[in-house]
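S.K.: predicted model and sequence follow; I will ask about them next.
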Amino acid sequence: MPSLAILLALVVLSIPWVRHRVYEAFYYTHVLLAITYLGLLFWHAGNILDSWAYLWATLALWLASWLARLFWYTKPMDLQYEWFSGAPTSLIRLPGGMTKLQVLAPVNFRYTPGQHCFLRFPKLSMVDNHPFTLASAPAATQMEDNYLTFLVRTHSGFTRRLATYGQLHADQQLFAWIDGPYGGIGRRLELLYDELILVAGGSGITACLPWLEQAVRVKEARVRRVVLLWSVTSEEHLSWIQQYLSSALAAGRYRTVIELRFHVSSGGLAEEPSISEAKEPATTVSSCSQVGEDQKPISMNELGHIEYGRPDLKHLIPENVRGPKTFVIGCGPEDMRIDISNAVAAAQSKVVQRDVLEVGLHLEAFN
């Protein structure tokens, strides 16, 4: 019965509604219950037949993954680096409840577009360790400083403490422990496809940014056209990556067609929430590029087309599938991801009709 109760608790606490609202409680309780559950399985199995062989193998794999994460992926504990040395991090407040983190990554830090890292700030808390998507492309050469710029949306818990610290100590530097990178698509999309269609909702834009940068920076890239469709609730949110888009357009103007479409659902500027008003759970956020940040950004109207209202993805995505091989990347709320999936499925008819060769899809969860 104890093992059944623990299994039930693991399932209940994993429900998205619960997990999103009490993330810290979910995480630590989940780890504790999982360890207890494995121990109870040893007791109940009683070494019957070869049951313990499977349990010992499970324990060995679990311990190996934690040791690898501790002494390889966690940079301040990595045997190749200086121990307990965090990465210098600057905090900048942005409109719409955003905090910009500029993190100087360790030497030889390698990652690919679409991967994510866990960030820990010992000065704020030694136990909080949250995942954030890396949305910048890696530095072009090993000689460049590898800056990771994260856009952190202020919600409750960890992100609220981080934003509060940035407000009270704007002139001070934090030191971040980087754990990662993890995940990613694992394919060089810029070398395999003629077109990229990037679809994002709100802060999901940052999951699409590395592919835009990769397409314009990699000299041998096959991509010749990139379409970005970004839906936000307030026009002020567009300023989060205004400078980034200006740089991307400048970098790709000679060989890559970049089409930007912005959809604002509220039709106006929204009041920025205060730190004390943010009540939602922490969500995955992402980073922007450092390339060309000294360039003066041009207005969003000059960068692309702005419309008011939700984007009609059912028609926008299929009509933008034109090249021989097209790949669609989407990140946003669940209903948007469903719309993207249905729109790409409709676009597959062009493959059947032999108008195009391939239409691929990759979706990232909003949080």
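M.R.: Structure received.
S.K.: helices along the stretch 201-350 of the chain, start to end?
M.R.: Along the stretch 201-350 of the chain, the stretches classed as helices by DSSP state H, counting those that start in this stretch are 209-217, 242-252, 300-303, 313-320, 334-347, 349-352.
S.K.: in the second one, what counts as buried?
M.R.: Under the neighbour-count criterion of 16 or more other CB atoms under 10 Å, helix 242-252 has 243-249, 251-252 buried. Every residue, glycine included, has its C-beta placed from N, CA and C.
S.K.: equivalent analysis for the fifth one, please.
M.R.: Of the residues in helix 334-347, those buried by neighbour count under the rule 16+ other CB under 10 Å are 336-337, 339-340, 343-344, 346-347.
S.K.: any idea which of those is closest to His44?
M.R.: Closest to His44 out of those is Arg337 (39.9 Å), distances taken as CB to CB.
S.K.: so that closest one makes contact with Leu361?
M.R.: No: Arg337 lies out of contact with Leu361 (CB atoms under 8 Å); the separation is 10.1 Å.
S.K.: what do the two both touch?
M.R.: The contact sets of Arg337 and Leu361 overlap at Gly330 (CB atoms under 8 Å, 6 or more residues apart in numbering).
S.K.: low-confidence ranges, the stretch 51-200 of the chain, go.
M.R.: Applying pLDDT under 70 to the stretch 51-200 of the chain flags residues 140-145.
S.K.: can you map out the strands along it?
M.R.: Secondary structure of the stretch 51-200 of the chain by DSSP state E, counting those that start in this stretch: the strands cover 87-94, 98-104, 116-120, 130-133, 147-153, 174-182, 195-201.
S.K.: just say which of those is most tucked in.
M.R.: With neighbours defined as mean count of other CB atoms under 10 Å, the strands of the stretch 51-200 of the chain peak in mean count at strand 195-201, which reaches a mean of 26.
S.K.: what sits up against that strand?
M.R.: 189-190, 206-208, 211-212, 215, 223-232, 313, 317, 320-323, 325-333, 336, 340, 366.
S.K.: list the contacts of Trp52.
M.R.: Per CB under 8 Å, 6+ apart, neighbours of Trp52: 42, 45.
S.K.: now it: how far from Tyr37?
M.R.: As for Trp52, its distance to Tyr37 is 16 Å (criterion: CB to CB, to the nearest Å).
S.K.: also Ala25?
M.R.: 18 Å.
S.K.: neighbour-wise, which of the two wins?
M.R.: Tyr37 (17 against 13; other CB atoms under 10 Å).
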